[in-house]
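Trainee: Quick one: sequence plus predicted model below, questions after.
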Amino acid sequence: MASLTNKTAQYRVHGMDCAEEVSLLRARLSRVAGVRDLRFDVIQARMDVEYSPSAVQPETIIQAVASVGMRCEPWQAVSTGGSFWQRRGRTLLAWVSGLALVGGMTVQAVHSGDLVRSLLAHEHGGHAESLGGLALFWIAMVAGSAALLPKAWASLRALRPDLNLLIVLSLIGSGLLDEWTEAATLSFLFALAGQLEAWSMGRAREAITRLFAVTPAEAAVVHGDHEHRTSLERVPAGSLVRVRAGERIPFDGVVERGVSQVNQALITGESVAVEKTSGGRVYAGTMNETGELDIRTSGPASDTTLARIIRMVGDSQARRAPSEQFVERFARYYTPAVFLLAFSVAVMPPLLRGGDWSHWFYQGMVILLISCPCALVISTPVSIVSALASAARNGVLIKGGAFLEEAARIRAVAVDAECVEAHPNAGRVVAALRRRGVERTVLFTGGTARVVREFAGAAGFDEALAGVSIAERDSHVRGLMKWPGHVALVGDAGREVQTGAGSLGISLGRRGADLARESADVVLMTSDLERVVFLLDHARRTLRVIKQNVGFALGMKALFLAAAMAGVATLWMAVAADMGATLMVTLNGLRLLRAREHPTE
């Protein structure tokens, strides 16, 4: 009964750009009495908190987030961005750190002439530092590390060491070794890495948001012989709105007057505009290209097909892909293992071979910095979300990363006979599927007795499965499931996928109003079977990008681990490598926002 009284609040968290911040928030908020469950979406910077209103208030949650150096606000609110310092403080500190570092390096170069050597060689106390240069290096260190100190302290209190704590410990260690030039460089590079990480994640959020930010802010509402423009939220269902050529349609509805060509690619993925006349159904966000249309709205702006697609894309992230779950499990074991390795590198060579303690202590700190799994953990979700958004823009709604990865592994397809009857190019689709490695295509009926083998030959299907009942049909499909490969079951409007007989249920949603009630794993916004070919191509491309990202992130780690164990890596190199890897996997994942069409010929 207690769970029935819980509430769930959504927050926009400023500064949550990496899995490290998620771990920190989880550790801090889990200690707040009354917080029952936490869910995080790094890509959208969103945090969902399930809590007991009788035990904790929203203000307490906001204060707990602030205590670890981040800021949050209710998700429903329009972001004000906070004060100038909250919005620009980290950027200003990074600039101060960078300028002080350049100044310190200049003074160091004039004073001793060994600037390059001080960065690449580690004499641990042998560098001659001028007082002016040392003061500038201190300014660079303090400015560059100021933003991470609250996070480092929270990490230490929670006994969950993260990169923030590692950077602080590395700065302290560098000071103990008199490596002031490198300490200042390390501090600035980490501040710069934070700025680049925030920028790259911001670009990801903006790019995904722009895909659907197409609905106009106002609509022209018709009253008798005149019209007036008003905001969408003030237009009730059943209103008559006028849309001129070149304007986006603001609501789902039915055409009452006018003739025009409407580009519906945003909703259906169709590349060619379709003619709309009286009685024709139109969708919000689509483009009215040629004529003027008067449209009777079928619902409010919050309940359009496009609005439901956007919500479903957001909710789909709860169904995490297997690769995403694997990466998170891997990171949990990977980081402690590297901690043990760093300790071994710092201690074993001096103990066993009489090596220099300061040198190997330094190399141990390098390995600790390399252990940051940020690039590895962010490599998968940014790819998955980009792929889901671009698929939706092309008329294919995939209800989670798990289903996207399943689509990449499809090796057999069973299709409802009604879909084949309605599609003139079913044979061409089957040929395209076989070129993509689909080894078996099967036709089945929807539960009524009918002759289906005549479709099988014409459409190029391997065989036809006929039933006089749903149960018998499902038995046939379960037999197909024994085929050595993953199976997609393609049926119309969700009727054939509700039994869960196929490993991937694909519905051809002909009625957009029923979209939210679909039980399929994938919904094609049109009855075009060629969208199935697009789905397989898009899913396989996504899986390739994920593998590229994971391989690149792990490869960079392995390279610098080898360099550290060989004694040639530096602290600033480790931070630069992690910064570069995070940026590269983010940009590579964003490539999936541009979905590729492959012809079925």
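Mentor: Received, thanks.
Trainee: hey, let's count contacts and neighbours off CA atoms from now on
Mentor: OK.
Trainee: just for the stretch 1-150 of the chain, where's the confidence low?
Mentor: Scanning the stretch 1-150 of the chain for pLDDT under 70 picks out 1-4, 19, 76-83, 86-87, 112-129.
Trainee: residue ranges for the strands of it, please.
Mentor: Ranges of strands within the stretch 1-150 of the chain are 7-14, 35-41, 46-51, 71-74, based on DSSP state E, counting those that start in this stretch.
Trainee: Can you tell me which helices and strands the last one packs against?
Mentor: Packing contacts for strand 71-74, counted by 3 or more CA pairs under 8 Å, 6 or more residues apart in numbering; DSSP states H and E, involve strand 7-14, helix 58-66.
Trainee: rerun that using 6 Å as the cut-off
Mentor: strand 7-14 (3 or more CA pairs under 6 Å, 6 or more residues apart in numbering; DSSP states H and E).
Trainee: Show me the contact partners of the strand it packs on.
Mentor: Outside of strand 7-14, the residues within contact range by CA atoms under 6 Å, 6 or more residues apart in numbering are 45-51, 71-75.
Trainee: Let's have those in CSV, adding neighbour count.
Mentor: Output for the contacts of strand 7-14, formatted as CSV (neighbours: other CA atoms under 10 Å):
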residue, neighbour count
45, 21
46, 20
47, 23
48, 16
49, 21
50, 18
51, 24
71, 20
72, 24
73, 23
74, 16
75, 16
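Trainee: wait, which of the strands of the stretch 1-150 of the chain is closest to residue 407?
Mentor: Among those, the nearest to residue 407 by CA to CA is strand 35-41 (23.1 Å).
Trainee: Return the closest one as PDB; C-alpha atoms alone will do.
Mentor: Backbone C-alpha positions of strand 35-41 (Å, rounded to 0.1, in the frame of the first residue of the first chain) are rendered in PDB as follows:
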ATOM      1  CA  VAL A  35      13.400   8.600  -2.000                       C
ATOM      2  CA  ARG A  36      12.200   5.200  -3.300                       C
ATOM      3  CA  ASP A  37      13.500   5.000  -6.800                       C
ATOM      4  CA  LEU A  38      15.800   6.900  -9.200                       C
ATOM      5  CA  ARG A  39      16.000   6.800 -13.000                       C
ATOM      6  CA  PHE A  40      18.400   8.800 -15.200                       C
ATOM      7  CA  ASP A  41      18.500   9.900 -18.800                       C
END
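Trainee: Just checking: what are the partner strands of it?
Mentor: Sheet pairing of strand 35-41 (DSSP bridges) gives strand 46-51 (antiparallel).
Trainee: still on that earlier bit, quick one: the strands of the stretch 1-150 of the chain as a markdown table, columns for distance to residue 563 too.
Mentor: Converted to a markdown table, the strands of the stretch 1-150 of the chain look like this (distance: least, CA to CA, whole Å):
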| stretch | distance to residue 563 |
| --- | --- |
| strand 7-14 | 35 |
| strand 35-41 | 34 |
| strand 46-51 | 37 |
| strand 71-74 | 38 |
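Trainee: And those: which comes nearest residue 395?
Mentor: Closest among the strands of the stretch 1-150 of the chain, using CA to CA: strand 35-41, at 24.0 Å.
Trainee: for the stretch 351-500 of the chain, which spans come out with low pLDDT?
Mentor: In the stretch 351-500 of the chain (pLDDT under 70), the answer is 372, 421-422, 444-467, 469-485, 492-500.
Trainee: Quick one, which of the strands of the stretch 1-150 of the chain gets closest to residue 234.
Mentor: strand 71-74 (23.1 Å).
Trainee: Pull out the buried residues from stretch 277-296.
Mentor: Counting neighbours by 16 or more other CA atoms under 10 Å, one finds that the buried residues in stretch 277-296 are 277, 281-289, 292-296.
Trainee: Let me have it in CSV, keeping just the CA atoms, if that works.
Mentor: Provided in CSV are the C-alpha atoms of stretch 277-296 (Å, rounded to 0.1, in the frame of the first residue of the first chain):
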residue,chain,number,x,y,z
THR,A,277,-9.1,16.7,-50.1
SER,A,278,-12.3,16.9,-48.1
GLY,A,279,-12.5,14.0,-45.7
GLY,A,280,-8.7,13.3,-45.8
ARG,A,281,-6.9,12.8,-42.5
VAL,A,282,-3.9,15.1,-41.8
TYR,A,283,-1.3,15.1,-39.0
ALA,A,284,0.4,17.8,-36.9
GLY,A,285,3.9,18.7,-38.1
THR,A,286,3.4,17.7,-41.7
MET,A,287,3.9,20.3,-44.4
ASN,A,288,1.0,21.8,-46.5
GLU,A,289,2.8,22.4,-49.8
THR,A,290,0.4,23.7,-52.5
GLY,A,291,-3.1,24.8,-51.5
GLU,A,292,-5.2,26.2,-48.6
LEU,A,293,-6.8,23.7,-46.2
ASP,A,294,-9.5,24.2,-43.6
ILE,A,295,-9.0,21.4,-41.0
ARG,A,296,-11.4,20.3,-38.2
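Trainee: gap between it and the chain center?
Mentor: Here stretch 277-296 shows a centroid-to-chain-centroid distance of 33 Å under the convention CA atoms, centre = their mean, to the nearest Å.
Trainee: Over to stretch 272-284?
Mentor: Distance, centroid of stretch 272-284 to centroid of chain: 33 Å (CA atoms, centre = their mean).
Trainee: The chain should start at 7 in everything you say after this.
Mentor: New numbering, starting at 7: the last item is stretch 278-290.
Trainee: gap between the two ends of that stretch?
Mentor: 17 Å (CA to CA, to the nearest Å).
Trainee: rewinding a little: of the strands of the stretch 7-156 of the chain, which approaches residue 440 most closely?
Mentor: Comparing the strands of the stretch 7-156 of the chain by CA to CA, strand 41-47 comes nearest, at 37.1 Å.
Trainee: who's in contact with the closest one?
Mentor: Applying CA under 6 Å, 6+ apart, the set of residues contacting strand 41-47 is 52-57.
Trainee: next one: stretch 280-289
Mentor: 258-263, 265-268.
Trainee: ok, the residue nearest to residue 310 when sequence neighbours are not counted - contacts?
Mentor: Setting aside the residues directly before and after it, residue 310 is nearest to residue 258 in space (CA to CA, 6 or more residues apart in numbering), at 5.6 Å. Taking CA under 6 Å, 6+ apart, we find residue 258 in contact with 288-290, 303-304, 310.
Trainee: Which pLDDT value belongs to residue 598?
Mentor: The score at residue 598 is 89. That number is its pLDDT.
Trainee: which SS class is it?
Mentor: helix (DSSP: H, G, I helix; E, B strand; the rest coil).
Trainee: how close does it sit to residue 382?
Mentor: In terms of CA to CA, residue 598 sits 18 Å off from residue 382.
Trainee: hang on, the earlier thing: which of the contacts of stretch 280-289 sits closest to residue 347?
Mentor: So of the contacts of stretch 280-289, ranked by how close each gets to residue 347 (CA to CA), first place is residue 258, at 59.2 Å.
Trainee: Just give the number of residues close to residue 66.
Mentor: Residues near residue 66, counting by other CA atoms under 10 Å, number 13.
Trainee: again, but for residue 362
Mentor: By other CA under 10 Å, neighbour count at residue 362 equals 12.
Trainee: number of nearby residues for the nearest residue to it once chain neighbours are set aside?
Mentor: Ranked by CA to CA, 6+ apart and with sequence neighbours excluded, the top spatial neighbour of residue 362 is residue 356, at 6.0 Å. Neighbours of residue 356 under the rule other CA under 10 Å: 16.
Trainee: Out of the strands of the stretch 7-156 of the chain, which gets nearest to residue 104?
Mentor: strand 13-20 (23.3 Å).
Trainee: If you count contacts, what does the longest helix along the chain end up packed against?
Mentor: As assigned by DSSP state H, the longest helix anywhere in the chain is helix 536-571. If you count contacts as 3+ CA pairs under 6 Å, 6+ apart, helix 536-571 packs onto helix 380-399, helix 407-414.
Trainee: hey, which of these is tucked in deepest?
Mentor: Greatest average neighbour count among the helices and strands packed on helix 536-571 goes to helix 380-399 (a mean of 26), per mean count of other CA atoms under 10 Å.
Trainee: And it, what does it pack against?
Mentor: Partner elements for helix 380-399 (3+ CA pairs under 6 Å, 6+ apart): helix 536-571, helix 577-596.
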